[in-house]
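A.B. asks: Pasting the sequence and the predicted coordinates here, then a few questions.
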Amino acid sequence: MSKTKPMPSSKGPGFDGTKISKVNIKLSSSRSTRQSVRSLPGTFEWRYGRGGSGVYLYHAGTHYARLWERAGMASVSSPNLGGNVGAGWKGIPDKRLDAMDELNIALPVLGILVSARLTDYCASGLTAAQIGKKHGINKRDVPVVLEQDLVACAKHFRFI
């Protein structure tokens, strides 16, 4: 008879290797609160979402990821561009078009490769090691390349 491992508690790591870390969430200029965040080591959330000196990089990356989600490109389950959205309404919502326009403006400025890496890192949640394998980047160089990509993103979206 084989022994089974106990299910992890809500405070333990996840089955996929995620870990929990406590982060400060700024509510206003004078108030903040602590919150638990579960993320996979090596992902964008793990490196920048826990606070530190790269706060502007975190905001730029999350802005980029939100644009992808709003544009409906971050998920395979997003409705197609010509389909019904709801209540019989046909067409594309304005917010989705705005996000697509903003991404189309950013693409020539950032470049195809930078945009692809940012999408993998910020929107898709791939780890730095996975991005290195996918894009053929040396394992040791991946964090530096991703940070430079985030700096370019932050400059373009005027976070710095």
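C.D. replies: Done, it's in.

A.B. asks: isn't there a strand covering Arg34?
C.D. replies: Yes - with DSSP: H, G, I helix; E, B strand; the rest coil as the criterion, Arg34 is part of a strand.

A.B. asks: give me the beta-bridge partners of it?
C.D. replies: Arg34 has these beta-bridge partners by DSSP bridges: Asn24.

A.B. asks: Can you give me the distance of it to Val114?
C.D. replies: Distance of Arg34 to Val114, computed by C-beta to C-beta, to the nearest Å: 34 Å. C-beta here means a position set from N, CA and C on the backbone, and glycine is covered the same way.

A.B. asks: neighbour count winner among those two?
C.D. replies: Counting neighbours by other C-beta atoms under 10 Å for Arg34 and for Val114 shows that Val114 has the greater number, 20 against 8.

A.B. asks: which residues does the more buried one contact?
C.D. replies: Residues touching Val114, when contacts are defined by C-beta atoms under 8 Å, 6 or more residues apart in numbering, comprise 149, 152-153.

A.B. asks: Save those as a markdown table, and put in pLDDT, secondary structure and distance to Leu110 too.
C.D. replies: Putting the contacts of Val114 into a markdown table (pLDDT from 0 to 100; DSSP: H, G, I helix; E, B strand; the rest coil; distance: C-beta to C-beta, whole Å) gives the following:
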| residue | pLDDT | secondary structure | distance to Leu110 |
| --- | --- | --- | --- |
| Asp149 | 96 | helix | 8 |
| Ala152 | 96 | helix | 6 |
| Cys153 | 94 | helix | 7 |
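
A.B. asks: As a check, name the ranges of all helices in this structure.
C.D. replies: In chain order, the chain shows helices spanning 44-48, 55-70, 94-110, 112-118, 128-135, 142-156, with DSSP state H as the criterion.

A.B. asks: buried stuff in stretch 150-160?
C.D. replies: 150-154, 156-157, 159 (16 or more other C-beta atoms under 10 Å).

A.B. asks: just curious, which of those is nearest to Ser30?
C.D. replies: Within these, distances to Ser30 taken as C-beta to C-beta reach their minimum at Phe159, with 22.2 Å.
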